[in-house]
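1. I would like to see how this sequence folds:
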Amino acid sequence: MIYLYSLLTIVAFWLALQISKRLQSVLLNTFILTVLILIGVLLITKIPYDEYMVGNAPLNNLLGVSVVALALPLYEQLRQIAAYWKIILFVTISASLFSMISGAILALLLGASPEIVATVLP
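-> Next up, the predicted model:
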């Protein structure tokens, strides 16, 4: 089953890539479509998420390697990052605040208790 779930993930990504290329919409990017396809398949086939994650271990292990591999291009662009540090900091803080506030508002709209809303904020 290990390779079946990894294959499922790869096929979902490929399918999402084809849809993204065809529709060319910013809202339907490849990552979001892949996640939606995987959620749909897991719900329809009643595969537990824990089982899927264990079965998808080969791809999850490669994720750590890919993060390290991205460090070199990031280091090579260090001068450019340093030149735009104020903009990067502003965008990062703004996006963090927006995600916390919108998450709290969504939780309130869905009727979450104040304790749940408080956990969404930090």
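
2. Let me see the domain layout of this structure.
-> The domain map for the chain lists 1-60, 76-122, with the assignment taken from automatic domain parsing.

3. Now tabulate the ones you listed in TSV and tack on mean neighbour count, distance to residue 67 and mean pLDDT.
-> Bear in mind the C-beta positions are built from the backbone N, C-alpha and C, glycine included. Listed next are these as TSV, based on neighbours: other Cβ atoms under 10 Å; distance: least, Cβ to Cβ, whole Å; pLDDT from 0 to 100:
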stretch	mean neighbour count	distance to residue 67	mean pLDDT
domain 1-60	14	12	90
domain 76-122	11	16	92
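
4. Next one: the residue nearest the centre of the chain relative to residue 20, how far apart?
-> Taking Cα atoms, centre = their mean, the centroid of the chain lies closest to residue 31, which sits 6.6 Å from it. From residue 31 across to residue 20, the span is 9 Å (Cβ to Cβ, to the nearest Å).

5. Could you do residue 91 as well?
-> 24 Å.

6. Check residue 111 too.
-> 34 Å.

7. got it, and residue 106?
-> 26 Å.

8. related to what we said a few turns ago, for the domains of the chain, give me CSV that also has distance to residue 68.
-> Formatted as CSV, the domains of the chain follow (distance: least, Cβ to Cβ, whole Å):
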stretch, distance to residue 68
domain 1-60, 14
domain 76-122, 15
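
9. closest to residue 69 out of those?
-> Smallest distance to residue 69 across those (Cβ to Cβ): 12.5 Å, for domain 76-122.

10. Would you mind measuring the gap between the ends of the closest one?
-> 33 Å (Cα to Cα, to the nearest Å).

11. Stretch 66-82 now?
-> 23 Å.

12. Stretch 67-74 now?
-> 11 Å.

13. and what of stretch 46-63?
-> Terminal-residue distance, stretch 46-63 (Cα to Cα): 26 Å.

14. quick check, distance from that stretch to the centre of its chain.
-> 15 Å (Cα atoms, centre = their mean, to the nearest Å).

15. Pull the residues that contact it.
-> The contact list for stretch 46-63 (Cβ atoms under 8 Å, 6 or more residues apart in numbering) reads 1, 2, 3, 4, 5, 6, 8, 9, 10, 38, 41, 42.
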